[in-house]
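>>> sequence and predicted structure below; questions after.
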Amino acid sequence: MELFTEVEAQLEVLRSVLGDDDATPLSAHLAALDDAAVLRALEASSSLIRVAQGVQLVASGVVARRSERASGHGGLAQARGHRGAVTLVQAITGGSRAEAARTVRVGESLMLGSATDAPVSASNQSDAPAAQPGAAPAARVWHAVIDDAVVCSVLTPAQHDAIRRGLGEPPEPTGVGDSRAGSAQCTEAEALAAAAREAWAVAAAELVTEAGRCTVEELARTARTIRDRL
């Protein structure tokens with residue numbers, strides 16, 4: 001996997017900077033280095049954190065999916081003595097409840113529209129839906145642009161959460177998926193829904209660009225303002 005290539009590259013940088021001397025405390029070793037070496041260590045360690053954070057977010061999304069209420073006491077979190085995914089993630093990460101809740105929200109966003117996380121085994125292989133020849137690929141979710149950005153470390157989880165919660169969900173016009181509605185009404189409603197999702201996707205892309213120029217609080221306010229205008 002590409003992430004292992006990145007991890008190995010950054011570990012090699014740290015190894016070249018820090019060496020293999022386990023007897024010297026890390027603080028003393030870094031303090032003895034020149035400015036360029038200290039910056040290389042900082043950059044490499046930051047890259048490792050970003051890679052690990054991406055894994056953490058997706059894993060938290062999988063935990064949330066497998067801990068949904070429909071799973072009852074057999075859910076992943078519940079089976080381990082937790083009320084839900086947030087408390088399980090908090091127990092593992094050691095952070096605050098607010099941080100765990102945000103990690104789970106971002107992870108759930110990353111999981112939306114992705115393939116099922118359940119492996120196909122001999123027992124369920126026959127039940128797995130077969131791909132239809134010539135079928136069009138499934139449309140991506142409107143927030144795919146910010147999901148990609150957080151995975152690629154363009155956005156932080158806090159920035160992703162500010163944009164996602166600030167914009168909210170695009171409206172679903174009456175008639176979408178309603179079998180009682182006439183075909184013309186359904187077609188019009190589906191077109192309106194698609195237009196709304198496209199508008200939200202464009203707004204999300206603009207906010208990704210804006211994120212580097214403002215604080216998380218300002219980003220959230222801007223997202224809410226754009227939502228109200230939309």
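Now that the structure is in, tell me what you want to look at. Numbering: from 1, shown residues only.
>>> I'd like to know how far Gly72 sits from Gln78.
Counting by CB to CB, to the nearest Å, the gap from Gly72 to Gln78 is 7 Å. (C-beta placed from N, C-alpha, C; glycine too.)
>>> ok, those two, which is more surrounded?
Set Gly72 next to Gln78 and count neighbours by other CB atoms under 10 Å: Gln78 wins out with 19 against 9.
>>> what packs against the lowest-mean-pLDDT helix or strand in the chain?
Across the helices and strands of the chain, mean confidence by mean pLDDT, DSSP states H and E is lowest for helix 183-211: a mean of 90. Helix 183-211 sits against helix 144-151, helix 157-167, helix 216-229, with contacts defined as 3 or more CB pairs under 8 Å, 6 or more residues apart in numbering; DSSP states H and E.
>>> and these as JSON lines, adding distance to Glu2 and mean neighbour count?
JSON lines is the format used below for those (distance: least, CB to CB, whole Å; neighbours: other CB atoms under 10 Å):
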{"stretch": "helix 144-151", "distance to Glu2": "11", "mean neighbour count": "21"}
{"stretch": "helix 157-167", "distance to Glu2": "20", "mean neighbour count": "23"}
{"stretch": "helix 216-229", "distance to Glu2": "28", "mean neighbour count": "16"}
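>>> closest one to Ala203 among these?
helix 216-229 (5.0 Å; CB to CB).
>>> among the helices and strands packed on helix 183-211, which is nearest Thr187?
Across the helices and strands packed on helix 183-211 (criterion: CB to CB), the nearest stretch is helix 144-151, sitting at 24.6 Å.
>>> show me what that closest one is packed up against.
Packed next to helix 144-151, using 3+ CB pairs under 8 Å, 6+ apart, are helix 35-65, helix 97-111, helix 157-167, helix 183-211.
>>> tilt between that helix and helix 35-65?
130 degrees (axes from the mean of the first three to the mean of the last three CA atoms, to 10 degrees).
>>> need the contact partners of helix 144-151.
54, 57-58, 106, 109-110, 113, 141, 154-157, 159-160, 163-164, 201, 204-205, 207-208 (CB atoms under 8 Å, 6 or more residues apart in numbering).
>>> do stretch 21-32 as well
Contacts with stretch 21-32, where a contact means CB under 8 Å, 6+ apart, come from 18-19, 38, 41.
>>> span of that stretch from start to end?
13 Å (CA to CA, to the nearest Å).
>>> mean confidence score for that stretch?
Mean per-residue pLDDT for stretch 21-32: 89.
>>> mind checking how far Ala91 is from Ala85?
With the distance defined as CB to CB, Ala91 ends up 11 Å from Ala85.
>>> okay, now the unreliable bits of this protein?
Applying pLDDT under 70 to the chain flags residues 113-139, 174-182.
>>> try it again at 90.
Within the chain, the segments meeting pLDDT under 90 span 1-3, 19-24, 69-74, 112-140, 151-153, 172-191.
>>> find the nearest non-adjacent residue to Ala64, please.
Spatial nearest neighbour of Ala64, excluding adjacent residues (CB to CB, 6 or more residues apart in numbering): Ala85 at 4.0 Å.
>>> list the contacts of the closest residue to Gly61 other than its chain neighbours.
In space, and not counting its chain neighbours, Gly61 is closest to Gly107: 2.9 Å by CB to CB, 6+ apart. Residues near Gly107 by CB under 8 Å, 6+ apart: 57-64.
>>> let's see that with 7 Å instead.
When contacts are counted by CB atoms under 7 Å, 6 or more residues apart in numbering, Gly107 touches 57-58, 60-61, 64.
>>> look at Ala91 and Ala85 and report which has more neighbours.
Ala85 (27 against 14).
>>> does the more buried one touch Arg65 like I think?
No. Using CB atoms under 7 Å, Ala85 is not in contact with Arg65; the gap is 8.4 Å.
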